[in-house]
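Asks: what follows is a predicted structure for the sequence shown.
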Amino acid sequence: MAESSPARKSAQISSPERRHIGSYLSDDRNNELSHQQALAAAAVEHERVRLAALKTIETHALRLEQLRLRDEESRILERQRIERERLEQERKLRDEEKRLRDLEAQKVEKLPPVEPKPKPKPEASDVPAPTTGNGPDGTHTEVSGPGASAKPAALVPPKASLFGTSSASPATETQGQANGTAAKSASPFQQTPSATQQAPAPSNPFLKATTPAAAPATNPFAKPTKAAANPFQKATPTPAANGLPTNATVPAAAPSQIQRTQAVDRYIQIHQSLKKIRASIKEQMKTNIDLKKNAGDMRREIRKSIGQLTGERGANKQQLERIRNTLTAALRGQPPSALVDPSEFVCDKREPAQDASINGEVPSLFIYLLNILAKDMIKQFDSECGATPSKADPIGVVAAQIFSTKDFLWRGKSLIDILMAKFRVACPVLFGYRGSEKTEQGRARLGWRREEGHWATEQQHVDRMKGLGVGYASIALRDFSKAKTTNPFPPSHYWTSMARILNTPPAEISDTQCTVLRAMINLYEEKFINFYGNQAIAALRKALVEFPAKAPTKTPAVSALEILAQLYIKNFGLDLR
């Protein structure tokens with residue numbers, strides 16, 4: 001038909017492949033041969049995967065070894081670079097020192113004096129013989145030969161002191177000498193603050209201290225609104241609660257060498273007694289269940305409170321109150337503990353005081369918790385304040401407030417010797433001990449920490465000494481002039497510690513001393529000057545200019561003192577040179 005559709009071939013659809021299904025449904029699929037073939041194939045695949053895994057592990061181990069070798073090589077190269085820089089710096093310092101010595105060795109010859117014109121010789125009968133007698137005006141004169149004549153001494157106007165006072169005044173003669181404006185034998189560590197009270201000192205750490213000609217007239221660290229005020233020239237004396245005499249601006253002379261040695265050794269005895277208290281508390285816990293239950297919680301409460309101290313104003317009230325409450329509970333016998341004699345934990349001999357709340361024995365738990373408090377404070381200074389010195393001040397505030405609490409005084413005086421015994425063991429430099437950092441015995445005398453038979457690294461030791469130095473200053477330079485309580489550790493102790501370091505002979509100066517000295521001064525120079533005025537500036541000159549200048553080698557620790565003096569010029573306009 002013409003209009004019909006073309007014929008299409010019928011689609012021949014082939015049947016699907018049934019060979020696989022046939023093999024699956026065959027009767028041979030579960031026979032032994034089929035299982036053996038499957039196991040063999042699985043074993044081959046397992047071996048392939050195992051070999052691939054082993055190869056991957058070997059490749060990874062090789063890569064790790066290559067990375068380790070690369071890191072080790074980088075470390076070695078970095079150490080080589082650091083050593084090269086150190087050697088280069090030492091070489092430059094040596095060259096500069098050599099150049100300085102060469103300049104000092106050079107001398108400029110003075111011009112010969114001008115010869116006077118010859119006078120005509122008088123006749124022999126007119127030349128009188130040398131005689132001694134009274135002059136025409138009745139004064140006693142002595143003629144030693146031709147041309148001799150008596151000349152009056154030149155009057156030198158007095159120099160203005162750093163605080164605007166005249167050093168020529170009789171009332172301030174002693175102070176002027178202490179600032180180096182008079183005789184060379186004067187010293188801030190040898191002079192009492194007034195001209196009427198004077199005590200000899202065993203040593204002179206500030207010899208040849210001179211007041212700079214262009215010294216500022218006011219405290220360079222004082223705020224602008226208080227620049228004109230001078231706390232050292234008020235008509236009313238500084239209160240005795242400040243740790244200073246009521247008629248003085250600086251402490252009296254340091255005790256004799258024998259008394260000082262006895263006090264230092266006494267700190268070691270106190271430290272040993274504290275160890276016995278700790279052992280005693282452990283023994284009491286075996287029979288006193290109440291003590292065993294509460295002593296650990298009280299110890300943790302103090303430790304937690306010390307760790308939570310911050311530098312924000314008013315942020316430490318809760319921590320301070322918790323510490324006070326814990327110590328008060330122990331003092332009241334809650335829980336009860338054996339009684340001990342507090343005289344074993346103080347340096348001085350004390351007589352019973354009528355107005356004292358405690359004159360007799362105290363619970364051993366109270367002394368134990370004071371020991372824990374002191375130990376935790378030292379740990380905080382040690383671990384955190386070296387890198388961040390500002391963290392030391394809140395700890396110093398808490399220490400001063402706790403040890404000045406009236407209820408915690410024994411026979412009217414503080415038990416802060418417990419804390420100072422910890423300082424004596426941790427930082428002997430503050431108490432006048434010296435030693436070489438290159439010997440075992442010297443390191444032990446300097447307080448270099450040793451754990452498991454190995455000395456701590458130099459950087460660890462430096463950070464530790466920095467923290468202890470600034471911590472000591474945060475306690476010793478507290479102002480109690482407006483407080484109702486007595487300063488438990490007056491600033492005179494700070495002065496004494498600085499003097500002990502500065503009295504070191506040049507051959508015995510160590511980096512540890514320089515590190516501790518800088519840590520004591522930095523951040524606390526304003527408080528130091530507020531306490532001692534001109535004599536503090538003379539002390540800073542001795543510490544930051546003269547002391548590093550006499551060091552035998554210019555190490556980084558010695559240079560750090562000189563750099564601090566330069567920063568005072570830049571930041572405060574205080575030139576100590």
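Replies: Yep, it's here. Numbering: from 1, shown residues only.

Asks: in the chain, which helix or strand is least confident?
Replies: helix 173-178 (a mean of 35; mean pLDDT, DSSP states H and E).

Asks: quick one: contacts of stretch 31-43?
Replies: For stretch 31-43, the surrounding residues in contact (Cβ atoms under 8 Å, 6 or more residues apart in numbering) are Asp28. Every residue, glycine included, has its C-beta placed from N, CA and C.

Asks: now swap in stretch 342-356 and tell me
Replies: For stretch 342-356, contacts defined as Cβ under 8 Å, 6+ apart pick out 263, 266-267, 270, 273-274, 358-359, 361-362, 367, 409-413, 415, 417-418, 421.

Asks: hmm, back to that, by contact count, what packs against the very next helix or strand once past the least confident helix or strand of the chain?
Replies: Counting by DSSP states H and E, the next helix or strand C-terminal to helix 173-178 is helix 257-287. Helix 257-287 sits against helix 289-307, helix 364-383, helix 417-426, with contacts defined as 3 or more Cβ pairs under 8 Å, 6 or more residues apart in numbering; DSSP states H and E.

Asks: quick one: name whatever helix or strand follows the last one.
Replies: I take that to be helix 417-426. Elements were assigned by DSSP H and E; along the chain past helix 417-426, the next helix or strand is helix 440-446.

Asks: average pLDDT for that following helix?
Replies: Across helix 440-446, pLDDT averages out at 94.

Asks: list the buried ones in it?
Replies: Gly442, Arg443, Arg445, Leu446 (16 or more other Cβ atoms under 10 Å).

Asks: related to what we said a few turns ago, pull out the buried members of the contacts of stretch 342-356.
Replies: By neighbour count, with 16+ other Cβ under 10 Å, the contacts of stretch 342-356 hold 263, 266-267, 270, 273-274, 358, 362, 367, 409-413, 415, 417-418, 421 as buried.

Asks: residue ranges with poor pLDDT in the stretch 251-400 of the chain?
Replies: Applying pLDDT under 70 to the stretch 251-400 of the chain flags the ranges 251-264.

Asks: try 50
Replies: For the stretch 251-400 of the chain, residues meeting the criterion pLDDT under 50 lie at 251-258.

Asks: and the chain, by the same measure?
Replies: The chain contains residues with pLDDT under 50 at 1, 11, 123-218, 223-258.

Asks: quick one, longest helix in it?
Replies: helix 32-105 (DSSP state H).

Asks: which residue ranges of the stretch 451-577 of the chain form helices?
Replies: For the stretch 451-577 of the chain, helices defined by DSSP state H, counting those that start in this stretch occupy the ranges 458-476, 492-502, 511-521, 525-532, 534-541, 547-549, 556-572.

Asks: send the alpha carbons of the fifth one over as CSV?
Replies: This points to helix 534-541. This file holds the C-alpha atoms of helix 534-541, laid out as CSV (Å, rounded to 0.1, in the frame of the first residue of the first chain):
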residue,chain,number,x,y,z
ASN,A,534,68.9,62.0,97.5
GLN,A,535,70.5,59.0,99.1
ALA,A,536,68.4,56.6,96.9
ILE,A,537,69.7,58.4,93.8
ALA,A,538,73.3,58.0,95.1
ALA,A,539,72.5,54.3,95.6
LEU,A,540,71.2,54.0,92.1
ARG,A,541,74.3,55.6,90.7
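
Asks: helices or strands up against that helix?
Replies: helix 173-178, helix 492-502, helix 525-532.

Asks: redo that, cut-off 10 Å
Replies: On a contact count with 3 or more Cβ pairs under 10 Å, 6 or more residues apart in numbering; DSSP states H and E, helix 534-541 meets helix 173-178, helix 492-502, helix 525-532, helix 556-572.

Asks: over to the fourth one?
Replies: On a contact count with 3+ Cβ pairs under 10 Å, 6+ apart, helix 525-532 meets helix 458-476, helix 492-502, helix 534-541, helix 556-572.

Asks: compare the helices and strands packed on helix 257-287 and give me the one nearest Ala53.
Replies: Across the helices and strands packed on helix 257-287, Ala53 has its closest neighbour in helix 364-383 (46.4 Å, Cβ to Cβ).

Asks: now do that closest one: which elements does it pack against?
Replies: helix 257-287, helix 289-307, helix 317-331, strand 339-340, helix 392-403, helix 417-426, helix 458-476.

Asks: out of those, the one nearest Arg86 is which?
Replies: So among these, helix 458-476 is nearest, using Cβ to Cβ, at 12.4 Å.

Asks: so for the closest one, what gets flagged as buried?
Replies: 461-476.

Asks: before we move on, the earlier item: and the helices and strands packed on helix 257-287: which comes nearest Arg50?
Replies: helix 364-383 (51.0 Å).

Asks: look up how far Ser74 lies from Lys349.
Replies: Applying Cβ to Cβ, to the nearest Å, the value for Lys349 to Ser74 is 62 Å.

Asks: also Glu85?
Replies: In this view, Glu85 and Ser74 are 16 Å apart by Cβ to Cβ.

Asks: same check on Gly314?
Replies: Distance from Gly314 to Ser74, by Cβ to Cβ: 49 Å.

Asks: cool, Glu437 as well?
Replies: Taken as Cβ to Cβ, the span from Glu437 to Ser74 is 30 Å.

Asks: quick one, what contacts the closest residue to Ser357 other than its chain neighbours?
Replies: Leaving aside its chain neighbours, Ser357 sits nearest to Asp407 (5.8 Å; criterion: Cβ to Cβ, 6 or more residues apart in numbering). Shown in contact with Asp407 (Cβ atoms under 10 Å, 6 or more residues apart in numbering): Arg324, Leu327, Thr328, Leu331, Arg332, Ser357, Ile358.

Asks: thought the fifth one was touching Ser357?
Replies: By that I understand Arg332. No. Applying Cβ atoms under 10 Å, one finds Arg332 not in contact with Ser357, separated by 11.6 Å.

Asks: ok so, going back, mind putting the helices and strands packed on helix 534-541 in JSON lines, distance to Ala374 and mean neighbour count included?
Replies: Below are those laid out as JSON lines (distance: least, Cβ to Cβ, whole Å; neighbours: other Cβ atoms under 10 Å):
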{"stretch": "helix 173-178", "distance to Ala374": "34", "mean neighbour count": "23"}
{"stretch": "helix 492-502", "distance to Ala374": "16", "mean neighbour count": "23"}
{"stretch": "helix 525-532", "distance to Ala374": "22", "mean neighbour count": "22"}
{"stretch": "helix 556-572", "distance to Ala374": "27", "mean neighbour count": "16"}
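
Asks: any chance of the ones you listed in CSV, with distance to Ala549 too?
Replies: Listed next are the helices and strands packed on helix 534-541 as CSV, based on distance: least, Cβ to Cβ, whole Å:
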stretch, distance to Ala549
helix 173-178, 21
helix 492-502, 12
helix 525-532, 19
helix 556-572, 8
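
Asks: wait, which of the ones you listed is closest to Val425?
Replies: Taking Cβ to Cβ, helix 492-502 is the member of those nearest to Val425, at 15.1 Å.
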